[in-house]
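Chemist: Dropping the sequence and predicted coords here.
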Amino acid sequence: MNRKLCVALAGLSLALAAQAQTKWDLPTAYPPANYHTENITQFAKDVDAATGGKLKIAVHPNASLFKAPEIKRAVQSSQAQAGEILLANFANENPIYALDGVPFLATTYPEAKKLHDVSKPALDKLLAAQGMKVLFVVPWAPQGIYVKKEIASVADLRGIKWRAYSPATAKIAELIGAQPVQIQQAELSQAMATGVIESYMSSGSTGYDTKTYEHIKNFYDTQAWIPKNAVLVNLKAFEALDPATKAALTKAAADAEARGWKVAQEKNDEYKRLLTERGMKIHKPSAKLDADMRQVGGIMQADWLKAAGADGKAIIDAYKK
């Protein structure tokens, strides 16, 4: 075998090896033990197994690679091939993202799934225009109010230091007369420990993950809305995969979505039990607090429909059929 042929074969084998394995980064803002992160980690393992190691996805939890607000831009600009976002965090970009944080529109898991299904074509179109697509979507638990003091109505929340982590939660603060403070989940424990915030709305899982029970002792189970996380992929990165790898990735994503919805529902009661065991009082909202919060939800639904126009009306009409 002559030298030129050896060099050519060596180059070919290196090219084939490079082609044989693709490595992706997938940043997320949540800790490793959170069920969203666990689900994504399992998804990455499933992809590795299904592709025979051709596609390896490195999961970067707890905002270690990019902070929560940066992840979408990182995927869009190819700094990361995939990433997990809270859809409602990007409400200021487009009303379609805001739909996920409208209070009292979808308050049960079947309602949240239906809302997702009817709005998915609009979400897919929006993301495609930004060079991305959804791999899978998984819900959080229904949202309630964590607060230091016991409350009977929205009037009891006026002036309180309120964590705002999305446009929706900032708007709620405005409507109830609270003081909004922008705090992402990775900084939440420190913010509570130092008195930067006294109250916030989120799920049982966030309360448990951040050890909220060490600083705040009351949780009002308002079940106001069920936000969802979406794992996005950069379209160029996705299209660069061979057909078999694409198919394996898509199948693993569908499995992750089905598994995530199931786990979310199972975890909801578990997290409330764990919080209770650690000293948190779980309250059913008073009739007045419930009515007050639903009034807030009504205002925000009307605002959303106004912003979303005819496309938004079509989504809500399909949802309410």
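Modeler: Received, thanks. Residues are numbered from 1 along each chain as shown.
Chemist: make it CA atoms for all contacts and neighbour counts henceforth
Modeler: Fine.
Chemist: Disregarding flanking residues, what is the spatial nearest neighbour of the residue most central in space within the chain?
Modeler: When CA atoms, centre = their mean is applied to the chain, the residue found nearest the centroid is N229 (2.3 Å). Spatial nearest neighbour of N229, excluding adjacent residues (CA to CA, 6 or more residues apart in numbering): L86 at 4.4 Å.
Chemist: How many residues are close by A244?
Modeler: As a burial measure, A244 scores 11 neighbours (other CA atoms under 10 Å).
Chemist: ugh, wrong one, I meant Q185
Modeler: Q185 has 20 neighbours, counted by other CA under 10 Å.
Chemist: what about it, distance to A29?
Modeler: In this structure, Q185 and A29 are 8 Å apart, going by CA to CA, to the nearest Å.
Chemist: before we move on, the earlier item: need phi/psi at the residue nearest to N229.
Modeler: Main-chain dihedrals, L86, degrees, to the nearest 10: phi -90, psi 110.
Chemist: packing partners for the host helix or strand of A302?
Modeler: Counting by DSSP states H and E, the element that carries A302 is helix 287-320. Secondary-structure packing of helix 287-320 (3 or more CA pairs under 8 Å, 6 or more residues apart in numbering; DSSP states H and E): helix 95-98, helix 109-129, helix 167-176.
Chemist: residues of that helix that come out buried?
Modeler: By neighbour count on 16 or more other CA atoms under 10 Å, the buried set for helix 287-320 is 289-290, 292-294, 296-298, 300-301, 304-305, 308, 312, 315-316, 319.
Chemist: What of stretch 203-215?
Modeler: For stretch 203-215, by 16+ other CA under 10 Å, it's S203, G204, S205, T206, G207, Y208, D209, T210, K211, T212, Y213, H215.
Chemist: And for stretch 182-202?
Modeler: Counting neighbours by 16+ other CA under 10 Å, one finds that the buried residues in stretch 182-202 are 182-186, 188-189, 191-192, 196-202.
Chemist: Just name the closest of these to K262, please.
Modeler: Lowest distance from K262 to those (CA to CA) belongs to S202, with 19.2 Å.
Chemist: Which residue is the nearest non-sequential neighbour of the closest one?
Modeler: That would be Q143: by CA to CA, 6+ apart, it lies 4.7 Å from S202.
Chemist: Measure how buried that neighbour is and give me the count.
Modeler: 24.
Chemist: K23 too?
Modeler: Quick note: K23 (other CA under 10 Å) scores 12 neighbours.
Chemist: How about the backbone phi and psi for it?
Modeler: When read as degrees, to the nearest 10, the backbone of K23 gives phi -120, psi 130.
Chemist: sec struct for the spatially closest residue to it that is not a sequence neighbour, please.
Modeler: Spatial nearest neighbour of K23, excluding adjacent residues (CA to CA, 6+ apart): K56 at 4.8 Å. Classification of K56 using DSSP: H, G, I helix; E, B strand; the rest coil returns strand.
Chemist: Could you pull up the residues touching K56?
Modeler: Q21, T22, K23, W24, A44, V47, D48 (CA atoms under 8 Å, 6 or more residues apart in numbering).
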